[in-house]
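Visitor: The following block contains a protein sequence and its predicted model.
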Amino acid sequence: MKLFDGGVTAAKGFLAAGGAAGIKKGDKLDMALVFSEVPCVAAGTFTTNVVKAAPVKWDQEIVYHKPEAQVIVCNSGVANACTGAEGYGYCEETAKVAAAALHVSEDSVLVASTGVIGKQIPMDKIAKGVEMLAPKLEGSREGAGVAAQAIMTTDTMPKEVAVSFEVGGKEVTVGGMCKGSGMIHPNMCTMLSFLTTDLDISKELLQEALSEVVKDTYNMVSVDGDTSTNDTVLLLANGLAGNVKITEKNEDYNLFLEALLEVNTVLAKKIAGDGEGATALFEVKIIGAKTKEDAVSLSKSVVTSSLTKAAIYGHDANWGRILCAMGYAGVQFDPEKVDLFFESEAGKIQIIENGVAVDYSEDEATKILSKPEVTAIADVKMGDAKATAWGCDLTYDYVKINADYRS
């Protein structure tokens, strides 16, 4: 498997474009199109929030009940959430405009929105944006890059990745882009992710693969404990790689699953590391748990602890906060067996052994915790299960960004 610099246009037959439609203030990029030259099978996972934005409801209908998809239209700046029947109607109007511009079926157009909740989207600007972007679609690296920029809100950087691998002598590519910086919490962490592949695979197995990898990637990310109304992951597969179609769980399926896991792990970590106001990616690894479910619960509890996140910001090896967060995770373990380590590019240090502090150097710990990517590793010595969660430190800027969000 080869990881390389690419995005949603890396796979054969996919085009993308981004531009400014006037939805955001000023001349900021705020609309993106992703288009496949041939119809695709589609898979998706969506927010578990009871309050679901109109685009989520629209996409669920397309993904779960229509045979194919070919276009993704995304706007940033307005979420089209809590907008009632009018908001859902705008999804339908967007699909009609895109279908006419790109000569596809309305039922093959997926829509996504991100931004302020409660405002109706400016449909006139959305329509003009689609018409503006359709002729600009291209399969270049640049086209993917501009599209990735156009879906951002409070993100400080675009988030893209691609991998290639071989199936039956045919090169297959999976590429993707995502956005997410705030209102990010496990259970389909406001985040959007758009994935493309030229693999030939059945719709049923595509959905099963996506649902499987989301559990260990996006659902293991938390920035601030808020689960968005708009969370959406969409995966399109157009079959242009020319491989023998995957219709059962065989070696080819497992290769694809591995590639999809890699792509979404990279994107999930990019979201966590770009959390609003963050200065560090905070990774929590739980090893030696009795079950996978226990490991997941423990890692999530630590990565979402505000006190722990504040300690990471302060480069403070305040290990008591980590053990405390593990203790209220709802998992039975013996705290007097726990070993805890901190690790970064500056090195690795053990902080506690069997639940008690070891004689470690505070200066060395601070040095390790001062790097932009920091990992806490807790061995609970209860079994062989493990899990990893990703988050970020909690800074003054997080409050400022969200206090000023609509200003």
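Guide: Cool, got the structure.
Visitor: Packing partners of the helix ranked longest in the chain?
Guide: Longest helix in the chain, counting residues (DSSP state H): helix 251-273. Helix 251-273 sits against strand 159-167, strand 170-179, strand 192-197, helix 203-216, strand 281-289, strand 385-392, with contacts defined as 3 or more C-beta pairs under 8 Å, 6 or more residues apart in numbering; DSSP states H and E. (Each C-beta comes from the backbone N, C-alpha and C, glycine too.)
Visitor: Could you dump the ones you listed into TSV with mean neighbour count added?
Guide: Putting the helices and strands packed on helix 251-273 into TSV (neighbours: other C-beta atoms under 10 Å) gives the following:
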stretch	mean neighbour count
strand 159-167	22
strand 170-179	25
strand 192-197	29
helix 203-216	18
strand 281-289	23
strand 385-392	25
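Visitor: pLDDT of the longest strand seen in the chain, averaged?
Guide: Across the chain, the longest stretch assigned as strand under DSSP state E is strand 31-46. Averaged across strand 31-46, pLDDT comes to 97.
Visitor: ditto for stretch 168-179
Guide: The average pLDDT for stretch 168-179 rounds to 96.
Visitor: ditto for stretch 99-107
Guide: Mean pLDDT, computed over stretch 99-107, is 98.
Visitor: now swap in stretch 279-296 and tell me
Guide: 97.
Visitor: what's it in contact with?
Guide: 220, 269, 272-273, 298-299, 302-303, 309, 312-313, 331, 333, 371-393, 395 (C-beta atoms under 8 Å, 6 or more residues apart in numbering).
Visitor: if I've got this straight, residue 377 is in a helix?
Guide: No - the assignment for residue 377 (DSSP: H, G, I helix; E, B strand; the rest coil) gives strand, which keeps it out of a helix.
Visitor: That one - how many residues pack around it?
Guide: When counting by other C-beta atoms under 10 Å, one arrives at 19 neighbours for residue 377.
Visitor: Contacts only, for it.
Guide: When contacts are counted by C-beta under 8 Å, 6+ apart, residue 377 touches 285, 287, 340, 341, 342, 343.
Visitor: gap between it and residue 396?
Guide: Separation of residue 377 from residue 396 (C-beta to C-beta, to the nearest Å) stands at 28 Å.
Visitor: Please apply the same query to residue 149.
Guide: Counting by C-beta to C-beta, the gap from residue 149 to residue 396 is 27 Å.
Visitor: Looking at those two, which has the bigger crowd around it?
Guide: residue 149 (21 against 9).
Visitor: picking up where we left off before, of the helices and strands packed on helix 251-273, which is nearest residue 81?
Guide: For residue 81, the closest of the helices and strands packed on helix 251-273 is strand 192-197, at 12.6 Å, according to C-beta to C-beta.
Visitor: Against which helices or strands is the closest one packed?
Guide: The contact analysis (3+ C-beta pairs under 8 Å, 6+ apart) places strand 192-197 against strand 31-46, strand 69-78, strand 109-116, strand 170-179, strand 232-237, helix 251-273.
Visitor: Run the angle between that strand and helix 203-216 for me.
Guide: 130 degrees (axes from the mean of the first three to the mean of the last three C-alpha atoms, to 10 degrees).
Visitor: mind listing what strand 192-197 pairs with, with the direction of each?
Guide: strand 170-179 (antiparallel), strand 232-237 (parallel) (DSSP bridges).
Visitor: Contact partners for the residue nearest to residue 310 when sequence neighbours are not counted?
Guide: Counting by C-beta to C-beta, 6 or more residues apart in numbering, residue 310 lies nearest to residue 394, which is 4.9 Å off, once chain neighbours are set aside. The contact partners of residue 394, by C-beta under 8 Å, 6+ apart, come to 277, 306, 309, 310, 312, 313.
Visitor: Surely residue 381 touches residue 337?
Guide: Yes - the pair residue 381 and residue 337 qualifies as a contact (C-beta atoms under 8 Å) at a distance of 4.5 Å.
Visitor: would you list every one of the helices in the stretch 301-407 of the chain?
Guide: 306-313, 319-327, 362-369, 396-403 (DSSP state H, counting those that start in this stretch).
Visitor: do the same with the stretch 1-150 of the chain
Guide: Applying DSSP H, counting those that start in this stretch to the stretch 1-150 of the chain gives helices spanning 54-65, 84-102, 123-133, 141-150.
Visitor: buried set for the second one?
Guide: For helix 84-102, burial by neighbour count (16 or more other C-beta atoms under 10 Å) applies to 87, 88, 90, 91, 93, 94, 95, 97, 98, 99, 101, 102.
Visitor: How about the first one, nearest residue that isn't a chain neighbour?
Guide: What it means is residue 87. Nearest to residue 87 is residue 54, by C-beta to C-beta, 6+ apart, at 3.9 Å.
Visitor: That neighbour: what's it in contact with?
Guide: By C-beta under 8 Å, 6+ apart, residue 54 lies in contact with 80, 81, 83, 87, 88, 90, 91, 113.
Visitor: Please state the offset of the longest strand of the chain from the chain centre?
Guide: 16 Å (C-alpha atoms, centre = their mean, to the nearest Å).
Visitor: That strand pairs with which strands, parallel or anti?
Guide: Strand pairing for strand 31-46, using DSSP bridges, gives strand 14-19 (antiparallel), strand 69-78 (antiparallel), strand 232-237 (antiparallel).
Visitor: Mind putting those strands into TSV with distance to residue 37, mean neighbour count and mean pLDDT?
Guide: What follows is the strands paired with strand 31-46, written out as TSV (distance: least, C-beta to C-beta, whole Å; neighbours: other C-beta atoms under 10 Å; pLDDT from 0 to 100):
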stretch	distance to residue 37	mean neighbour count	mean pLDDT
strand 14-19	7	25	98
strand 69-78	9	26	97
strand 232-237	11	28	96
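Visitor: Serialize these to JSON lines and add fields for distance to residue 118.
Guide: What follows is those, written out as JSON lines (distance: least, C-beta to C-beta, whole Å):
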{"stretch": "strand 14-19", "distance to residue 118": "25"}
{"stretch": "strand 69-78", "distance to residue 118": "9"}
{"stretch": "strand 232-237", "distance to residue 118": "18"}
